[in-house]
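Asks: I need the structure of the sequence given here:
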Amino acid sequence: MLNIVILAAGLGKRMRSDLPKVLHTIAGRPMLAHVLDTAQLLGPDRIVVVVGHGAQHVQAALSAYPSVQFALQDSQLGTGHAVQQAIPQLVGGEQATDATLVLYGDVPLVQSDTLSRLLQSRAQGMAVLTETLADPAGYGRVVRNERGQVERIVEDKDATDAERGIAEVNTGILVAPTARLKEWLSRITDDNAQGEYYLTDVIGLAVHDEVMVNTAQAAASWETLGVNSRGQQAQLERIWQGELARRQLEHGVALADPARFDVRGTLECGRDVFIDVGCVFEGRVDLADGVRIGPHCVIKDARIGTGTHVEAFSHVQDAVVGEGARIGPYARLRPGADIGNEAHVGNFVEIKKSRLGQGSKANHLAYIGDAQVGARVNIGAGTITCNYDGVNKFQTVIEDDAFIGSDTQLVAPVTVGRGATLGAGTTLTKDAPAEQLTISRVAQKTIAGWRRPGKKP
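Replies: Have a look, this model is predicted:
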């Protein structure tokens, strides 16, 4: 059986924030959520998150992970003390194959492949994830004997000058036999420069008990980077966005500039997709084959169909766009927008909770809310659906092949019949019959002798 313990109790003083450190985000998601997602890929029997500072906030933020167990560390007395708090909730231990993996909520980018290799290297003993650094200052060093076997981990503050010259460092991530780990944790002390219970002390105890300690290293150095400050958070954000960009490029997506690309969720792309600079993708976004996204667009929880172009500075949220459509520039698709194939949504057009049928166009300065618009409809500039009376929302229906003149207000609930035409400047308060012209406007007149007001002397 496999337990995973995630340490998430730290205050994070250097973040200078009231938010618990592990809830600060990388790529739009809490660091702790990244760790949990990776942990779940390993198929564990139990995940225990050790919380402390802001425990209630951390638990509330993890409502999407109902199977996760929590352990409380009231006083932060070190990593060994933190894992001790999780012991009552660990499962298994009777078999040599039963293991406990320890991860960290502020080390968000470790990958499941790396952790799988760490688990495999355990060989029923224990294993530690290490890193070889050109500048190991500040890290715990991995001390090996003359046969190259791990003897112990020495923290930087407790190391001798010779030990500080060791380049292989401890990342803190380890896996150990569950029963043995419980025993070793009961034997560690706080007799060190920090006056804390170090989790790393169990390595020396394992060696003393003749349990083999193996090591593995991450595929990429950024996997083991932790976050203790805003600067480190920003640095890791850019590293991770660079990695996400690299993966998109490998899948054939054309990025105008990989350094100006942000994904805060999941982005799935078909073939021959082009993404210009400064775009942000949030939640779940699917871009089909041949989609082109112009510069500085924000797209959240949306599906965009084959061959569609989204022009510069457009916002798309909780919307579906069909094939061959044209969106923007400066368009806004709000939740519930459903844009049909080959439809056009142009400059400063806002669409909310509405269907725009195949080949229909709203090219300039329009608001379409709570509406069902058929196929091949033309909506003129300045048109709005008046869908809200201050309390209730009402629907507008515009049937196929209708033509809506500029500066028209459709006061819902109202229906425009198939093939109907509304003259410019119409305020429609009753249904417009099919195939006919409907118009409402004051008769034009000129007032002779009228003078524009001037400034008083």
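Asks: who does the helix or strand bottoming out on mean pLDDT in the chain pair up with?
Replies: In the chain, no helix or strand scores lower on mean pLDDT, DSSP states H and E than strand 150-154, which sits at a mean of 90. Here strand 150-154 has these sheet partners by DSSP bridges: strand 141-144 (antiparallel).
Asks: Report the buried residues of the least confident helix or strand of the chain.
Replies: Using 16 or more other Cβ atoms under 10 Å as the test for burial, strand 150-154 gives Val150, Glu151, Arg152, Ile153, Val154. (C-beta placed from N, C-alpha, C; glycine too.)
Asks: quick one: the helices in the chain?
Replies: Assigned by DSSP state H, the chain shows helices spanning 31-41, 55-61, 79-86, 112-121, 161-164, 178-185, 201-208, 230-250.
Asks: Could I get the buried residue list for the fifth one?
Replies: Neighbour counts over helix 161-164 (16+ other Cβ under 10 Å) mark Glu163 as buried.
Asks: rounded to a whole number, what's the mean pLDDT of that helix?
Replies: Helix 161-164 carries an average pLDDT of 92.
Asks: Kindly report the same for the last one.
Replies: Confidence over helix 230-250 (mean pLDDT, whole number) is 97.
Asks: got the angle for it vs helix 31-41?
Replies: Helix 230-250 runs at 50 degrees relative to helix 31-41, counting by axes from the mean of the first three to the mean of the last three Cα atoms, to 10 degrees.
Asks: And the fourth one, by the same measure?
Replies: For helix 112-121 against helix 31-41, the angle by the same axes, to 10 degrees is 50 degrees.
Asks: The nearest residue to Cys386 once chain neighbours are set aside and Thr429, how far apart?
Replies: Leaving aside its sequence neighbours, Cys386 sits nearest to Val411 (Cβ to Cβ, 6 or more residues apart in numbering; 4.5 Å). Look at Val411 and Thr429: by Cβ to Cβ, to the nearest Å, they are 5 Å apart.
Asks: Check Ala162 too.
Replies: For Ala162, the distance to Thr429 equals 89 Å [Cβ to Cβ].
Asks: who does Lys393 bridge with?
Replies: Beta-bridge pairing of Lys393, defined through DSSP bridges, involves Tyr388.
Asks: Surely it touches Ala371?
Replies: No: here Lys393 does not reach Ala371: they are 10.8 Å apart, not a contact under Cβ atoms under 8 Å.
Asks: Compare the two (neighbour count), which wins?
Replies: Ala371 (24 against 13; other Cβ atoms under 10 Å).
Asks: hang on, isn't the more buried one packed against Val397?
Replies: Yes: the criterion here is Cβ under 8 Å, and Ala371 meets it with Val397 at 7.2 Å.
Asks: can you count the residues close to Ser67?
Replies: Number of residues near Ser67 (other Cβ under 10 Å) recorded here: 8.
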